[in-house]
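S.K.: Sharing a model prediction with you, sequence too.
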Amino acid sequence: MDGPLSPIVARFGYLAVFVGVFLESAGVPVPAETLLLAGGFFAHQGPLTLAWVIAVAAAAAILGDSLGYVLGRRGGRSVIERRGPWVRLTPARLAAIDTLLARHGARAVFFGRFVTGIRVSVAVAA
């Protein structure tokens with residue numbers, strides 16, 4: 001397997017998978033899917049075990065989601081309002097997001113979880 005993340009998984013193994021999935025689940029835009037695919041590839045090749053890759057990724061996702069929830073619950077809206085303009089999240093866009101989530105909240109979060117790129121945005125918005 002040849003790619004920019006392969007050497008990271010080859011060297012750090014389960015730790016690379018854990019950190020990538022954890023950070024993405026917590027709301028940091030990192031290429032966790034690619035790290036997880038590389039983990040699966042290296043499990044197929046032998047250095048890693050598929051069952052452990054799955055277990056590590058599941059634990060990382062649960063812990064990352066929990067951290068994201070705690071951070072949102074504690075700082076949440078005030079942090080987004082203060083730091084939002086740095087990432088072009090204007091008050092008008094915040095209002096549009098609020099309207100969208102008021103109308104389609106649970107569905108938006110559920111389906112957003114399965115779309116690459118939107119996953120982090122939906123988590124922060126919710």
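M.R.: Everything's here; your move.
S.K.: Can you tell me how far the residue nearest to the spatial centre of the chain is from Leu94?
M.R.: Nearest to the geometric centre of the chain sits Glu24, at 2.3 Å (Cα atoms, centre = their mean). According to Cβ to Cβ, to the nearest Å, Glu24 stands 23 Å off from Leu94. For glycine as for every other residue, the C-beta is placed from the backbone atoms N, C-alpha and C.
S.K.: Flag every buried residue along stretch 18-30.
M.R.: For stretch 18-30, the neighbour count (16 or more other Cβ atoms under 10 Å) marks 18-27, 30 as buried.
S.K.: SS state for Pro47?
M.R.: coil (DSSP: H, G, I helix; E, B strand; the rest coil).
S.K.: could you point out where this protein is predicted with low confidence?
M.R.: Applying pLDDT under 70 to the chain picks out residues 1-5, 117, 120, 123-124, 126.
S.K.: Contacts for the lengthiest helix in it next, please.
M.R.: Longest helix in the chain by number of residues (criterion: DSSP state H): helix 50-74. Here helix 50-74 makes contact (Cβ atoms under 8 Å, 6 or more residues apart in numbering) with 14, 17-27, 36, 39-40, 42-44, 123-124, 126.
S.K.: circling back to that earlier point, pretty sure the residue nearest to the centre of the chain is touching Val30, no?
M.R.: Yes: between Glu24 and Val30 there is a contact at 5.1 Å, judged by Cβ atoms under 8 Å.
S.K.: Any chance of the backbone angles for Gly13?
M.R.: For Gly13, the backbone dihedrals (degrees, to the nearest 10) come out as phi 60, psi -120.
S.K.: you'd agree it is up against Gln45?
M.R.: No: counting by Cβ under 8 Å, Gly13 sits too far from Gln45 to count as a contact (11.7 Å).
S.K.: Those two: who's more crowded?
M.R.: A direct count of neighbours by other Cβ atoms under 10 Å for Gly13 and Gln45 places Gly13 higher, at 19 against 10.
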